[in-house]
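>>> curious how this folds, go ahead:
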Amino acid sequence: MSSDDVNEIYVEGEHVGVPALLDALTDIVERARAMPMSSSVLVNRNEALDLIDELREALPTQLTRADEVLSDADHVLEGAQAEAEDIIRTARERAAQLVDQQQVVLQAETRAREIVAEAEATAAKLRHEADDYCDRRLAEFEIDLGKIITQVQAGRAKLAERLGEDVGDRGGA
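Predicted coordinates for the structure are as follows:
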């Protein structure tokens, strides 16, 4: 309903609003005959009283209708505020979910870095232990080879000694 509809009433079969009644009353005062030598005017009492009665009848209706419009506006405003609060609550819940998801992602990334660091540390330790084991085995192998070389040299020396004796025996015969 428009503001024009709120301010309009039906009086004596005619469609007249409060502003129109006030305009009519103003017109009566403006058209009134001035009294000579005075600021007073002659106003048709019946016509002015009729308009005032019509205003009295129209104003309660108009005020009631205005109260209804204000009440409707209050209800609409309350509904809008409730809807706004719901939207804000939903947005906050969603934001909290996103923050929680972000926290889960950050925790997962942190844990993944920890696992990689542990794996690298374990691999470095295993590599060091393997290298140490190989070095000890090679040292033992070197010792064993040294003993074999000593035995080979001793065996060759003995063979060389026998070969020298055999050559000396042949030459003296």
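
>>> going along the chain, name the strands of this protein.
Here the chain has its strands, by DSSP state E, at 8-11, 14-17, 33-34, 41-42.

>>> least reliable of these going by mean pLDDT?
Among the strands of the chain, strand 8-11 has the lowest mean pLDDT, at a mean of 40.

>>> now do the helices in this protein.
Assigned by DSSP state H, the helices in the chain fall at 3-6, 18-31, 45-172.

>>> pick the most deeply packed of those helices.
Neighbour counts (mean count of other Cβ atoms under 10 Å) averaged over each of the helices of the chain peak at helix 18-31, with a mean of 14. All C-beta atoms are positioned from the backbone trio N, CA, C, and that covers glycine.

>>> so where is this protein shaky, pLDDT-wise?
Low-confidence segments of the chain (pLDDT under 70): 1-16, 167-173.

>>> hmm, 90 instead?
Scanning the chain for pLDDT under 90 picks out 1-75, 95-104, 162-173.

>>> for residue 153, see how far away the residue nearest in space to the middle of it is.
Nearest to the centroid of the C-alpha atoms of the chain, with distances taken as Cα atoms, centre = their mean, sits residue 95, at 4.1 Å. According to Cβ to Cβ, to the nearest Å, residue 95 and residue 153 sit 85 Å apart.

>>> next: residue 84.
As defined by Cβ to Cβ, residue 84 lies at a distance of 101 Å from residue 153.

>>> returning to that earlier point: tell me the spacing between the residue nearest to the centre of the chain and residue 49.
From residue 95 across to residue 49, the span is 67 Å (Cβ to Cβ).

>>> now do residue 113
With distances taken as Cβ to Cβ, residue 113 is found 93 Å from residue 49.

>>> now residue 149
When residue 149 is compared with residue 49 (using Cβ to Cβ), they lie 146 Å apart.

>>> how about residue 93?
Per Cβ to Cβ, residue 93 is found 65 Å from residue 49.

>>> now stretch 60-67, how far from the centre of its chain.
47 Å (Cα atoms, centre = their mean, to the nearest Å).

>>> ok, now stretch 150-165?
Put simply, stretch 150-165 sits 91 Å off its chain's centre (Cα atoms, centre = their mean).
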